[in-house]
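**Student:** everything below, folded, please.
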Amino acid sequence: MQLIKKYFPQLNDIQLKKLLHFEKLIKEWNKKINLVSRKDVENFQINHLIHSLSISKLILFEPKTKVLDIGTGGGLPGIPLAIFFPKTIFHLVDRKQKKIDVLNNIIIELDLKNVIVERIDAQDISNEYDFILNRAVSSTENILSISRNKIKTNSFNKIQNGIICLKGGNLENEIVKLKIFEILNLNKIFSEPFFETKKILYIPNPYTHMDNQ
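**Tutor:** Okay, the predicted model is just below:
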């Protein structure tokens, strides 16, 4: 937990305890259902908690911001961010009912009032959000397709509404059609080897600057 305190000093004791409790619950549930990769579950704080919370280095969500987490799996990055931003509203979706059932148990256990989880294909969502998040769920092209008509036009955060992707490796092919985007290299912020190739891809108002859309 010292690393989390180091990188995110604004977290209070209650939030830190909830993050630890979340880690404990994930490890317990992961023995029964594959919520996160078993190969790196022992490095959960770096590979999952800090990685999820890295989004706070790009944006500090304002209260009442509405955020959609597509393909949330084990509640990542949505649940750590919901702990970090208790006044932000998070909607976590996944197509697998077993994972959603577990996440419902977890958010009750953590007493998270700002999180809703739902089993649904993201394509079928009709609501609009300020930001749409995903963590290595799919290609950028597919995320752009899924996110169409789901992003609010009016922004009230310090950056424009849009899509925030946690990515790894070379993004050259993924950004070829984008006119406006920002890449945040996480190895500039975090010194751990895990982050050497990790990036945040931020795409503001994607449907106003895409070719052939």
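**Student:** now do the longest helix along the chain: which elements does it pack against?
**Tutor:** Ranked by residue count, the top helix of the chain under DSSP state H comes out as helix 13-29. Taking 3 or more C-beta pairs under 8 Å, 6 or more residues apart in numbering; DSSP states H and E as contact, the helices and strands that helix 13-29 lies on are helix 2-7, helix 44, helix 78-84, helix 97-109. For every residue, glycine as well, the C-beta is placed using N, CA and C.
**Student:** now it: average pLDDT?
**Tutor:** For helix 13-29, the mean per-residue pLDDT is 97.
**Student:** show me what counts as buried in it.
**Tutor:** Neighbour-count burial for helix 13-29, counted by 16 or more other C-beta atoms under 10 Å, picks out 15, 18-19, 22-23, 25-26, 29.
**Student:** pull that helix out as CSV, backbone CA atoms only.
**Tutor:** Coordinates of the C-alpha atoms in helix 13-29 are reproduced here as CSV (Å, rounded to 0.1, in the frame of the first residue of the first chain):
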residue,chain,number,x,y,z
ASP,A,13,-7.4,6.2,5.2
ILE,A,14,-10.9,5.1,4.5
GLN,A,15,-10.2,5.0,0.7
LEU,A,16,-7.0,3.1,1.3
LYS,A,17,-8.8,0.6,3.4
LYS,A,18,-11.4,0.1,0.7
LEU,A,19,-8.7,-0.5,-1.9
LEU,A,20,-7.1,-3.1,0.3
HIS,A,21,-10.5,-4.7,1.0
PHE,A,22,-11.2,-4.7,-2.8
GLU,A,23,-7.9,-6.5,-3.4
LYS,A,24,-8.8,-9.1,-0.7
LEU,A,25,-12.2,-9.7,-2.2
ILE,A,26,-10.9,-10.0,-5.7
LYS,A,27,-8.3,-12.6,-4.6
GLU,A,28,-11.0,-14.6,-2.8
TRP,A,29,-13.4,-14.5,-5.7
